[in-house]
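>>> sequence plus predicted model, see below.
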2 protein chains.
Amino acid sequence: MPQNGLDLEQDAALLTAQLVDLPSESGDEKSLADAVEAALRELPHLTVLRYGNNVVARTELGRSERVILAGHLDTVPAADNLPSRLDEDGVLWGCGTSDMKAGVAVQLRVAATVPEPNRDLTFVFYDNEEVEAHLNGLGRLAKAHPDWLAGQFAVLLEPSDGQVEGGCQGTLRVLLRMAGQRAHSARGWLGENAIHAAQPVLRRLADYQPRRKVIDGLEYREGLNAVRIEGGVAGNVIPDACTVTVNYRYAPDIGEDEALAHVREVFADCPVAELTVDDSSGGALPGLSHPAAAAFIAAVGGEPRPKYGWTDVSRFSALGVPAVNYGPGDPNLAHKRDERVETERVLHCEAALRAWLLG
Amino acid sequence: MPQNGLDLEQDAALLTAQLVDLPSESGDEKSLADAVEAALRELPHLTVLRYGNNVVARTELGRSERVILAGHLDTVPAADNLPSRLDEDGVLWGCGTSDMKAGVAVQLRVAATVPEPNRDLTFVFYDNEEVEAHLNGLGRLAKAHPDWLAGQFAVLLEPSDGQVEGGCQGTLRVLLRMAGQRAHSARGWLGENAIHAAQPVLRRLADYQPRRKVIDGLEYREGLNAVRIEGGVAGNVIPDACTVTVNYRYAPDIGEDEALAHVREVFADCPVAELTVDDSSGGALPGLSHPAAAAFIAAVGGEPRPKYGWTDVSRFSALGVPAVNYGPGDPNLAHKRDERVETERVLHCEAALRAWLLG
């Protein structure tokens, strides 16, 4: 076994511990990517591809359908929580246990132990998920080698508490700038107060009735919120600028352009001097009505729920591949000093996926 | 003549230049205070008192009325604009020319040349006007020796463009804090948006009809303005706090307590979690109906106007002494690199005061 050699014979829980003990903070994934690639190349039923520190492995069985199991190799920086530690209750502690080396361990175990799945499989291991979007390995793969990501359905093994989370919301962040005219506050009538001008914007926000949209049986609740407001020059000056940052989280039945048009319409008659798009990422349809997804949900059980927040499933969605989140970790423990995962859940996740792919 | 000896025989314009060439940045007034004290002690008709770098000189003629002529000795830091320079148009350039060594020169000339005024006179020269309020020499004198400042009327020779500016507005600054509950903006309904909660506050401000109050023939225009707003945690978080800083500038017929009560009432039914007073300085009544003031205005001419902004006249007002600003400098040139004063105006101011005190 090469140095850092991964032992895919051990169960997913033990393998999780081994992965956690190979630190792979974003930007520093090479050792782990090398280890993953080497382990996969030992498996004769897989074709292995590599792009940067992104590793893709595929079965080529000529099945009528291909599904993708994807996970990121990187973690946030460790916080005095390495190496991993298994406690007497079967809980594995350490950086990346939940987000998402438990999921990566399940991917690797399925890769090693299901040589003849009922659907062709593509395993994707990518880097830089925890940092700026333009570095994201899945996004870079989608640009450089979209064919490597082709398929009818994708499962992203991000921590979801063992629940299927379908699709994801889109998110749009805009800056609304109000203008005014400076003056000494002792002679306020000579100026024009840009903070006061923000009042209609805040009123629209306070009065806004967010949409609830059911897609594939999942209810998406939208939201339109001010997430920042800034205005003011000095304690005795009528301010000439005030900026409200508004975040629109929207159901994935509308696209980025429609979302922006909606926001423009909401504030159409407010005295906004300038509207700037700060951030925009489209949502992802859950695609649960697709046969592969339906079979997946039947196999793993539970009640699918909508994914709030934005995740990499929308990168698959943008490629026309319906995708869900399904992983053993607890998302609320991600990025925390006391990050941990129950090993029983890791084993359960591995078993559920195997059942789906062998059923 | 001692070192730095001031020559009170020269006219006020030449004396201004001599004063400007004795730099006296706030905190560094000792040399100038020493020179002023020494020059005044040469005048047998004056009683001279000193407290720190504050110098007070009084006639003791048993007149029925006493008026005060006050000015500060300090300047803002020089900005490569020392020593002074007199140009061919009779304009004197340099740090402190306008704010307010021209005024101090006029005080000193009146002290030297009007030994038998029709009213008893108190000359006040004080330090640290340009810095934090608690250091202000006039304020410290008012606490330590209020009797030194007793009188029926005061003229502060701050730059007022040769116009009488009556009294001053009061100013109150409060922080209005709105509370909320943090949540991920993708699940906004789990939180409570503190920025949205600021909407009724901004509405009150936008709708506010400021009072106009005529006092002693001067119209004071009030104002209630947001001068700062801050809220927000991160681009994807429902904010749990938003703070609006509101500045109330009010006519001097109400006091600090009434001003605060008014502001509390304006926002009474807004969802303000906490109202904190950030700054409060009462106004000053113009007192122009007082006989000494009326005689002063008749003597110096022009149409009195209200003083917007807060000035040291309100320190006299707090002692029960009506006060006005009247000085030769242009207030718009104060604190500027190209600070200057027209020497003709300095001479005019000196002549006007002398006419008032001899008339």
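Received it, and whenever you're ready, just let me know what you need. As the structure is a computational prediction, the values presented were derived from the model and not from experiment.
>>> contacts and neighbour counts: CA atoms only from here.
Noted.
>>> confidence score at A:Val246?
With respect to pLDDT, A:Val246 scores 98.
>>> nearest residue to it in space, please, no chain neighbours.
Spatial nearest neighbour of A:Val246, excluding adjacent residues (CA to CA, 6 or more residues apart in numbering or on different chains): A:Ala226 at 4.3 Å.
>>> so is that neighbour in a helix, a strand, or just coil?
strand (DSSP: H, G, I helix; E, B strand; the rest coil).
>>> does A:Pro252 touch A:Thr171 like I think?
No - taking CA atoms under 8 Å as the definition, A:Pro252 is not a contact partner of A:Thr171, at 9.6 Å.
>>> hey, what's in contact with both of these two?
Listed as contacting both A:Pro252 and A:Thr171 by CA atoms under 8 Å, 6 or more residues apart in numbering or on different chains are A:Gly282, A:Gly283.
>>> between those two, which one's more packed in?
A:Thr171 (29 against 24; other CA atoms under 10 Å in any protein chain shown).
>>> pop out the phi and psi values for A:Ser125.
Quick fix: residue A:125 reads Phe, not Ser. phi -120, psi 120 (degrees, to the nearest 10).
>>> isn't it right next to A:Ala70, touching?
Yes - here A:Phe125 reaches A:Ala70: they are 6.0 Å apart, a contact under CA under 8 Å.
>>> name the helix or strand for the closest residue to chain B within the stretch 251-359 of chain A, please.
Residue nearest to chain B within the stretch 251-359 of chain A: A:Gly309 (4.9 Å; CA to the nearest CA). Assessed by DSSP states H and E, A:Gly309 sits outside every helix and strand.
>>> check what pLDDT it gets.
74.
>>> how about it, nearest residue that isn't a chain neighbour?
Nearest to A:Gly309 is B:Ala186, by CA to CA, 6+ apart, at 4.9 Å.
>>> wait, is that neighbour part of a helix?
Yes - if the criterion is three-state DSSP, then B:Ala186 is within a helix.
>>> quick one: contacts for it?
Applying CA under 8 Å, 6+ apart, the residues near B:Ala186 are A:Gln169, A:Glu222, A:Gly223, A:Arg249, A:Tyr308, A:Gly309, B:Asn236.
>>> let's see it at 10 Å
Neighbour list for B:Ala186: A:168-171, A:221-225, A:247-250, A:307-310, B:236-238 [criterion: CA atoms under 10 Å, 6 or more residues apart in numbering or on different chains].
>>> what is the mean pLDDT for stretch A:82-100?
Across stretch A:82-100, the average pLDDT comes to 96.
>>> separate out the buried members of the contacts of B:Ala186.
A:168-171, A:221-225, A:247-250, A:307-310, B:236-238 (16 or more other CA atoms under 10 Å in any protein chain shown).
>>> now, those that are in strands?
Among the buried ones among the contacts of B:Ala186, DSSP state E puts A:Gly170, A:Thr171, A:Arg221, A:Gly223, A:Leu224, A:Asn225, A:Asn247, A:Tyr248, A:Arg249, A:Tyr250, B:Val237, B:Ile238 in strands.
>>> show me the beta-bridge partners of the nearest residue in space to the second one that is not next to it in sequence.
Spelled out, it's A:Thr171. In this structure, A:Thr171 finds its nearest non-sequential neighbour in A:Arg249, 4.6 Å apart by CA to CA, 6+ apart. A:Arg249 forms beta bridges with A:Thr171, A:Gly223, as assigned by DSSP bridges.
>>> what's near enough to touch A:Arg249?
A:168-173, A:210, A:220-225, A:259, A:281-283, A:308-310, B:185-188, B:236.
>>> surely A:Asn225 and B:Ile195 touch.
Yes - the pair A:Asn225 / B:Ile195 is scored as a contact, 8.7 Å apart, by CA atoms under 10 Å.
>>> please enumerate the shared neighbours of the two.
The contact lists of A:Asn225 and B:Ile195 share A:Leu202, A:Leu205, A:Ala206, A:Val244, B:Ile238, B:Pro239, where a contact means CA under 10 Å, 6+ apart.
>>> nearest to B:Ala334, of those residues?
The shortest approach to B:Ala334 among the shared contacts of A:Asn225 and B:Ile195 belongs to A:Val244, at 35.5 Å (CA to CA).
>>> checking the closest one next. Helix, strand or coil?
strand.
>>> what's the burial count for it?
27.
>>> residue contacts, it?
A:174-178, A:195, A:198, A:201-202, A:225-231, A:272, A:275, B:195, B:230-232.
>>> longest helix in chain A, please.
The longest helix of chain A (DSSP state H) is helix A:343-358.
>>> tell me the contacts of the residue nearest to A:Arg212 when sequence neighbours are not counted?
Once flanking residues are discounted, A:Arg212 sits nearest to A:Arg221: 4.6 Å by CA to CA, 6+ apart. By CA under 10 Å, 6+ apart, A:Arg221 lies in contact with A:169, A:210-214, A:249-251, A:306, A:308, B:186-189.
>>> one more time with 7 Å
A:Arg211, A:Arg212, A:Lys213, A:Ala251 (CA atoms under 7 Å, 6 or more residues apart in numbering or on different chains).
>>> avg pLDDT for the helix or strand hosting A:Val124?
A:Val124 belongs to strand A:120-126 when elements are defined using DSSP H and E. For strand A:120-126, the mean per-residue pLDDT is 98.
>>> same check, this time on stretch A:69-78
The average pLDDT for stretch A:69-78 rounds to 95.
>>> sort out which residues of stretch A:140-154 are buried, please.
Those buried within stretch A:140-154 under the rule 16+ other CA under 10 Å are A:Arg140, A:Leu141, A:Ala142, A:Trp148, A:Leu149, A:Ala150, A:Gly151, A:Gln152, A:Phe153, A:Ala154.
>>> try stretch A:81-94
A:Asn81, A:Leu82, A:Ser84, A:Arg85, A:Leu86, A:Val91, A:Leu92, A:Trp93, A:Gly94.
>>> outside of that stretch, which residues touch it?
A:Ala17, A:Val20, A:Asp21, A:Cys95, A:Arg337, A:Asp338, A:Glu339, A:Arg340, A:Val341, A:Glu342, A:Thr343.
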